[in-house]
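1. Structure of the sequence below:
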Amino acid sequence: MRLFEWHSDSFAGHQSKLPEFVNYLSGVWQNRNRYVESTEELTEEEQQAEKIQRQRFFDFTVDGKISARNYVGVVQYDGIRVEVYPKIFADDEAENTKQWQLNMLYWLSYCRKVKFPFSFADVSKLQFDDFLELLIYIFANFTEDVISNQPFQAYQTVGEESPFLKGRISYEEYTKNNLTTGKWQNFFCNHEPFVYDNLFNQIVKYVTKRLLAVSENYLNQERLNEILFILNDVSDIPCSANDCDKVKLNPLFAEHKHILDLCRLYLSNQVIDLEDEDSNNFCFLLPMEYIFEDFIFGFVSDKWPALNIRSQSTDYLALSKGSSVFQIRNDIYIPDKLIIDIKYKIRSNNDGLKKGVSQTDLYQMIGYAIRRNCNNLLLLYPESKINAENAVFEVPSIMLAEDIIIEAKNIDIRFDNHEDADNVMFKRIRTLNSLFS
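-> Residues are numbered from 1 along each chain as shown. As a prediction, this is how the structure comes out:
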């Protein structure tokens, strides 16, 4: 089943599995990555859902339909497979899932918390357009190549009883397990051997086994089995996303860090059933607002490093009894020159002089301008077929030396030729403001 954000389809064929599916999604929701802490107030319904930890990936209606919300990606549960694509593709005349997937991967390649190490040349040659298998392929292909050419060994803390001293004595354990039991001749030691069976390799092996249980593509299965063969001497230990934070990697192992980031990403979107390691349930759903915002920031900061660009720059509008109140957090801030707020919304072209810009967003931008003492602001929206045209709003201000200028513009983040995507995106960004010239 394929959906677009905020679109619905019949779920009648899976009604018998609906309670279990919703429970699974709720578990994933509780375990998910909090990519961006929202600065906006939640509605009463959203506050209640947050309290009871109800999933907000999908809505299910009484007439047997499933409706996607703002999360894109893929989820698979007990024979149910749902792929969700960005709403900016919804008006395409033809269904081109391969092209949509390549666009999404390109955006993710610039996101800071979601790094996808892959080659467009390799991915574009693949014969399948299954998004789940594509994600597995990226992990399997990159991981197998890295660990086969650069095996990872690390110092690992080990506590064990030994007839001779290794490392340092753990006096607490020695007293409890040796002196009081008559085994005073042995030592309980903590030492750090340089081992291949370390936490990093254990995490990689665990994720590989989980993905192997999910994959139905022979090419992916072959690569995943090759990884398991390489890691044959590594212990089989269930791992979680929290375990990824315990791994410390030397800067020389930059490619291994990409692998660890992928493992963290996959594990943080899972409900791990330790009693069923062969489960083929899988979930990879990310908030599209985060992808859009972080892609723009990642691309701009990468191509214009001299601008000293800041992301999610937080400040407060006022003080109350000596404490800061009314938090503001604009998406991109170029000190004293430009404030950019990125809105993942489709601006209506039937909104007269307002050009689809909400009054709340305009108030928000004025607050940014006054607090930052910056009169040059940009509201940035994704391009679509029904977008309103660009607009300029002038706000007279006696607090600033000049009037506040707020521009509302659209930017196209879609690409047909992904090999040339960087050049095309560079040219599009340059049209937004003279700072990027």
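2. gap between the residue located most distally from the centre of the chain and residue 67?
-> Centroid-distance maximum for the chain: residue 182 at 54.0 Å, with C-alpha atoms, centre = their mean. Distance, residue 182 to residue 67, by C-beta to C-beta, to the nearest Å: 68 Å. (Glycine included, C-beta is placed from N, CA and C.)
3. Residue 394 too?
-> As judged by C-beta to C-beta, residue 394 and residue 67 stand 40 Å apart.
4. neighbour-wise, which of those two wins?
-> A direct count of neighbours by other C-beta atoms under 10 Å for residue 394 and residue 67 places residue 67 higher, at 15 against 11.
5. In terms of helices and strands, where is that one?
-> Using DSSP states H and E, the element containing residue 67 is strand 65-68.
6. Which strands border that strand, and is each parallel or antiparallel?
-> Looking at strand 65-68 with DSSP bridges, its partner strands are strand 8-10 (antiparallel), strand 58-60 (antiparallel).
7. In a markdown table, list the ones you listed along with distance to residue 294, mean pLDDT and mean neighbour count.
-> Putting the strands paired with strand 65-68 into a markdown table (distance: least, C-beta to C-beta, whole Å; pLDDT from 0 to 100; neighbours: other C-beta atoms under 10 Å) gives the following:
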| stretch | distance to residue 294 | mean pLDDT | mean neighbour count |
| --- | --- | --- | --- |
| strand 8-10 | 27 | 91 | 14 |
| strand 58-60 | 23 | 93 | 16 |
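8. re earlier: what residues does the strand holding residue 67 touch?
-> With C-beta atoms under 8 Å, 6 or more residues apart in numbering as the test, strand 65-68 has contacts from 1, 3-11, 57-61, 82, 84.
9. hey, C-alpha coordinates of the helix or strand just after that strand in PDB?
-> Using DSSP H and E, the helix or strand that follows strand 65-68 in sequence is strand 71-77. Coordinates of each C-alpha in strand 71-77 appear next as PDB, following Å, rounded to 0.1, in the frame of the first residue of the first chain:
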ATOM      1  CA  TYR A  71       5.700  10.900   8.700                       C
ATOM      2  CA  VAL A  72       7.200   9.500   5.500                       C
ATOM      3  CA  GLY A  73       9.000   6.200   5.000                       C
ATOM      4  CA  VAL A  74       7.800   2.600   5.300                       C
ATOM      5  CA  VAL A  75       6.300   0.300   8.000                       C
ATOM      6  CA  GLN A  76       5.900  -3.500   7.800                       C
ATOM      7  CA  TYR A  77       3.900  -5.500  10.300                       C
END
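10. Check which helices and strands strand 71-77 sits against.
-> For strand 71-77, the packing partners by 3 or more C-beta pairs under 8 Å, 6 or more residues apart in numbering; DSSP states H and E come out as helix 18-31, strand 80-85, helix 131-149, strand 282-287, helix 288-303.
11. Residue 413 and residue 107 touch, don't they?
-> Yes: in this structure, residue 413 is within contact of residue 107 by C-beta atoms under 8 Å, at 6.7 Å.
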